[in-house]
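Trainee: pasting the sequence and the predicted coordinates here, then a few questions.
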Amino acid sequence: MSRGRTVRWMLEECGATYETVVLDYGTSMKADAYLAINPMGKVPALRHGDTVVTEQAAICAYLADLFPEKKLAPAPGSAARGAYYRWLFFAAAPMEAAFMGKSLGLLAPPDKATQVGYGSYDQVMDTLEIALTQARPYLCGDQFSAADLYLVAALAFGFRTGSIEKRPAFERYVQPILEREARVRAMAIDDELMKTIAP
């Protein structure tokens, strides 16, 4: 029950061989051993050899580059690469700040909108709706990418919590991506894992 589910999905899309380490929110996630990996004491974190990557979007981008044969990121220098970065980090920054702010009742008041990266919740959602109305069928054209994966994971979370409204353009974009084999497989792995650790 964490953002680690998004990373599991990305690992499955990559066909990676990996080991999962489960941490408890109040204990092992705040223990010295894990704080040495991520001083924020939050998951997910990816350790690949001597490299440590934290933050969902960064992990997704790292894995996409680590497995270029999976074509989960457009070629560096291409026009599509610009769209890839744009929407991956749009979802990670203004979008998440806006919908989490809404969920917590902590959105900036209108007179402070210029001081926050997302502006307003409505502005973020309207911008996203325009992009998804134009998606062909993905953010970067014909090729599914880590940006699509990350955005859909965030939208699905927002739908479940009621912090993102289910606009028709959102649902049309999200549904086929949620049915990808790697996502279904990742969800099954995590759901099974939950059975072993639930009280």
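Mentor: Good, I have the coordinates. Numbers count the residues shown, from 1 in each chain.
Trainee: so which residues of this structure form helices?
Mentor: Along the chain, counting by DSSP state H, helices occupy 4-14, 32-35, 56-66, 79-90, 96-104, 121-134, 146-161, 168-178, 181-197.
Trainee: of the ones you listed, which is nearest L23?
Mentor: Taking CB to CB, helix 32-35 is the member of these nearest to L23, at 6.1 Å. Bear in mind the C-beta positions are built from the backbone N, C-alpha and C, glycine included.
Trainee: flag every buried residue along that closest one.
Mentor: The neighbour-count check on helix 32-35 (16 or more other CB atoms under 10 Å) flags Y34 as buried.
Trainee: how far does that helix sit from the chain's center?
Mentor: A distance of 24 Å separates the centroid of the chain from that of helix 32-35, by CA atoms, centre = their mean, to the nearest Å.
Trainee: ok, and what's touching that helix?
Mentor: Residues external to helix 32-35 that are found in contact with it (CB atoms under 8 Å, 6 or more residues apart in numbering): 23, 28, 41, 45.
Trainee: widest-spaced pair of the residues you listed?
Mentor: Largest separation among the contacts of helix 32-35 by CB to CB: S28 and A45, giving 12.4 Å.
Trainee: which of those two has more neighbours?
Mentor: When neighbours are counted by other CB atoms under 10 Å, S28 and A45 differ, and A45 comes out ahead with 19 against 13.
Trainee: who is that one paired with across the strands?
Mentor: Applying DSSP bridges to A45 gives these bridge partners: T54.
Trainee: measure A16 to I59 for me?
Mentor: According to CB to CB, to the nearest Å, A16 stands 11 Å off from I59.
Trainee: which one of those two has more residues nearby?
Mentor: Using other CB under 10 Å, the more surrounded residue of A16 and I59 is I59, with 23 against 14.
Trainee: surely the more buried one touches L46?
Mentor: Yes - if you go by CB atoms under 8 Å, I59 and L46 touch, sitting 4.9 Å apart.
Trainee: tell me, what's touching the two both at once?
Mentor: In terms of CB under 8 Å, 6+ apart, I59 and L46 are both contacted by the residues 7, 53.
Trainee: next up, the contacts around the residue nearest to M29 when sequence neighbours are not counted.
Mentor: Nearest non-adjacent residue to M29, counting by CB to CB, 6 or more residues apart in numbering: L23, 4.3 Å away. Residues near L23 by CB under 8 Å, 6+ apart: 29, 34, 43.
Trainee: now with 10 Å, please.
Mentor: By CB atoms under 10 Å, 6 or more residues apart in numbering, the contact list for L23 reads 2, 4, 29-31, 33-34, 41-45.
Trainee: between those residues, which sits nearest A73?
Mentor: In terms of CB to CB, no member of these lies closer to A73 than P44, at 18.7 Å.
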